[in-house]
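Next input, structure requested:
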Amino acid sequence: MGDRGFYAALTTAVFLVLIVNIMQFPGSELAELFAFYVFVPSLVFLISLVIYWNTEGSIRYYSLSFSLFTIVTFLINLYHFAGNFVVLKIDYDPEPLKLFALIPVISAGSYLYPAVWKYLKIKDIALALLISSALVIGVFYPFIPITLQEFYSEPMVFILALLIFMAIFINSFFISVYRGATRTLMVSAELSLILLFLAQASILYRRLLGFEFPLVDISSLLEELAFLTLLFGFYRVYSTSLELPSIELLEREILEYRQKLESITGYKKFFENAEDFLFRLDIEGRFVDVNSKIGVLLGYEEEDIIGTRFLRLVAREDRKIMNQKFSSVLKGNREKFRLRIIKKRGDLLHMDVLMWPWIERSTLKGVEGIARDVSDLIEAEENVRNLNEYLTILNKILRHDVQNDIAVIRMYIDLAKEGEDIDIATAMEKIDDRVNHALSTIKDVKEIERMLSVGELVGVNLSMILTKRIQEFSKDAKITYSIPRNIYVEADSAINSVLHNIIQNAIFHNDKEVVEIDIKVEEKDDKIYVRIADNGPGIPDSLKEMIFRESFKGETTGRSGLGLYLVKETMKRYGGNVWVEDNIPYGSVFVLEFKRSEISEDFQRISGVDLE
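All right, here's what the predicted structure looks like:
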C-alpha cells in the first residue's frame, strides 16, 4: 500500500468511526463492540507479534509490549462482549486489569531510554517536556476546584490516566531519535496513547464535573480511534519492512561506516604518501586516479593526467608489451613487467610495473597498479655488467701477457740448467726485458683497477687534480699548461687514472729526446675540454679509433691497449667522450670531453668521495 492509499484508508476508517458513534444505528452497539474492542485489538496483537519475531535488538521489546497490552485489552473486551450472549458466573470486574496492561509499555520505554538518551538533543528534551506539560495541565486544569477526596472516588480511572501519561511522556523522547519504520510506529503509538489518555480524562469530566458531550459518547469514540490509530501504525510497518531499525542496529551501521571510512582514510593516506607511483585505469586504459608521486617522478600534474590513456606515456618500443599485459590483467591475471615511461620534459624513465584487476562489488572496473622507478637499478645492473667485463679483461691480461713473460723467463732458466750453449748476456737481457714487461703489465693492471672503482658522480675540481698529475710527470717531460682555476666536472675517483693514462701514453710512445707536452683546458657552454698535445710520432688515421678498442696492442711495444679502452669507457660513464687528433706540425692531441658541474668541493667532502 502506497502513502496515498494508506492515508485514504485511515481517513475512511476514522470517518466510519465518527458515523457509527454519531448515528447509533439499531443493533450497531454489538457490532461496534466487536469491531473496535475485540477484532481491532486482536489484529494489533497479531501484527505486533509478527514484527517482534522479525526484529533484532532492544527495539523488538517495544513491539512486544504493545502485543501484551492489546492481548490484555482484547481479553477484557472479549469478556464484556461474551456477556451479551451468555451469563458469566465470574463475580469479578476485569477493568482494573487494564492497569497491568500498561506496565509492559512503560517497562519497554524505560528499557529503551538509556540507549536513546545519548542521542537526545536539548531542544528535543525541551520540546517533549513542553508538550507533555501542556497536555497534562490543559486536561486537568478544570479539576482544580475538585478535592482529592472526589478524585479518590474514581481511583481506577485516575490511576489509569496517570499510567497512560507516563507512557506518553517516555515515548515522546523516542520520536526525535528513531527514523524510518520505527518512527512511524512510535508516532502512531504516541497518538494512540494520547487518545486513550483523553478518553480517561473525558470519563473524569463526566463523572466529577458532570460534563456531557452532545450526540456522542466521547470516551468510547476516543478509545476506538486510539486502537484504530495503533492498528494502522503497526500495519504500516508490517506492509513496508516487517523490521524495526533499532539503536543497536544503527550503532552497528555507524561503527561499520566509521571503520570503512577509517579504512578509506588510511588507504588514501597510504595512496598519497607511497614512494611509488600508484594508479587506477578504467577498462579503456585511461587514468581514473593517481597519487601525487606522478608529479615527482614524471613531472605531470594529477589533473592533467586524469582521463589520459596510459599508453600515451609509454615509449613507442614498449607499447606492444603494455597492450599485451593490460589485456592479460583484464582477464584476471597479475602481471609484472618493465617499461620506459616518457616524462613530461621528454626523457625516458625506466619503471617496473605491477598490475592487477580492479574489482568492486564483483564488477571489473579496470586495472590497479604500482610503478616503481628503477633507473638506479638499471644503472647498477649496467655497472655490474661493465665490472664483469672489466674483470674478464684483467683476468685475460694476467693469464695471457704475464703468463707469456713468465714462460719465456722459465725457458731461459731451463736452458741454463740443462747446460745448453747459450749466450748468457743475451739470455739475461731477454729475461730482463720480460721482467720489465711483466712489471709494466702489473702496473697497468693496478691503474686499470683504479679506473674500475666506480663511485657516485660528483663535482670534481678538475683544475686541482690535473695540476697534481702534471707535477707527477714533470721530471719525465717538459710540460706547459693553461688551466683556469676551479673548473668543476662530473666525475669520480677514476678521473686520476684517466689523466694519468693519457699523459703516460704521451710520454711512453714519444721518440724525441725532449718530450714536450702542452695541456689546455677550454670551456664551452656546459662542456669542459682537456687537450693534451705531444711532440711524438703521431697516430695514423687508420688507428685513431682502433687504439681505444679492448683488443688493440701496440705494434712496437706489444703492450695491451686496455688503458685507452678503459679511458674511453670511463669517459662514457661520465657522460663525456675521448678522441685523438693530429697535432701541428707533428704529434698527437688527446681530447677529453667532460660535463660541467656546479657542485663545490664542500659537497665532495660531505659525500665522502675519495678523489686521490
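
Distance check, Phe548 against Lys568.
For Phe548, the distance to Lys568 under the criterion CB to CB, to the nearest Å works out to 4 Å. Any C-beta I mention is one placed from the backbone N, CA and C, and that applies to glycine too.

which neighbours do these two share?
When contacts are counted by CB atoms under 8 Å, 6 or more residues apart in numbering, Phe548 and Lys568 have Val578 as shared neighbours.

how about the CA coordinates for the lengthiest strand in the chain, as PDB?
In the chain, taking DSSP state E as the definition, the longest strand is strand 348-360. Output of strand 348-360 as PDB, limited to C-alpha atoms (Å, rounded to 0.1, in the frame of the first residue of the first chain):
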ATOM      1  CA  LEU A 348      62.700   8.300 -20.500                       C
ATOM      2  CA  LEU A 349      62.300   6.800 -17.100                       C
ATOM      3  CA  HIS A 350      62.700   3.000 -16.500                       C
ATOM      4  CA  MET A 351      59.900   1.700 -14.300                       C
ATOM      5  CA  ASP A 352      58.900  -1.700 -13.000                       C
ATOM      6  CA  VAL A 353      55.100  -2.000 -13.200                       C
ATOM      7  CA  LEU A 354      52.900  -4.400 -11.300                       C
ATOM      8  CA  MET A 355      49.200  -4.500 -12.300                       C
ATOM      9  CA  TRP A 356      46.200  -6.500 -11.100                       C
ATOM     10  CA  PRO A 357      42.400  -6.400 -11.800                       C
ATOM     11  CA  TRP A 358      40.400  -3.600 -10.100                       C
ATOM     12  CA  ILE A 359      37.200  -5.200  -8.900                       C
ATOM     13  CA  GLU A 360      34.400  -3.500  -6.800                       C
END
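
quick one: buried residues of that strand?
Residues of strand 348-360 classed as buried by neighbour count (16 or more other CB atoms under 10 Å): Leu349, His350, Met351, Asp352, Val353, Met355, Trp358.

do the same with stretch 530-538
Residues of stretch 530-538 classed as buried under the neighbour-count rule (16+ other CB under 10 Å) are Val530, Arg531, Ile532, Ala533, Asp534, Asn535, Gly536, Gly538.

try stretch 162-179
So stretch 162-179, judged by 16+ other CB under 10 Å, has buried residues 163-178.

just checking, next helix/strand downstream of the helix or strand Ile442 falls within?
Element membership for Ile442 (DSSP states H and E) is helix 424-451. Using DSSP H and E, the helix or strand that follows helix 424-451 towards the C-terminus is strand 458-461.

other SSEs contacting that next one?
strand 488-491, helix 601-607 (3 or more CB pairs under 8 Å, 6 or more residues apart in numbering; DSSP states H and E).

Spit out the contact partners of the nearest residue to Leu195 once chain neighbours are set aside.
Computed as CB to CB, 6 or more residues apart in numbering, the closest residue to Leu195 that is not its neighbour in sequence is Ala226, at 3.7 Å. In this structure, Ala226 makes contact with Leu191, Ser192, Leu193, Leu195, Leu196, Ala199, judged by CB under 8 Å, 6+ apart.

The third one against Ile168, yeah?
Okay, so that is Leu193. Yes. Leu193 is within contact range of Ile168, at 4.7 Å (criterion: CB atoms under 8 Å).

Can you pull the residues that touch both of these two?
Residues touching both Leu193 and Ile168 by CB under 8 Å, 6+ apart: none at all.

coming back round to it: name the nearest of the buried residues of strand 348-360 relative to Asn486.
Within the set of the buried residues of strand 348-360, Leu349 lies nearest Asn486; the separation is 33.3 Å, counting by CB to CB.

how close does the closest residue to Ile170 other than its chain neighbours sit to Leu163?
Counting by CB to CB, 6+ apart, the nearest residue to Ile170 once its immediate chain neighbours are dropped is Gly109, at 3.6 Å. Computed with CB to CB, the distance linking Gly109 and Leu163 is 12 Å.
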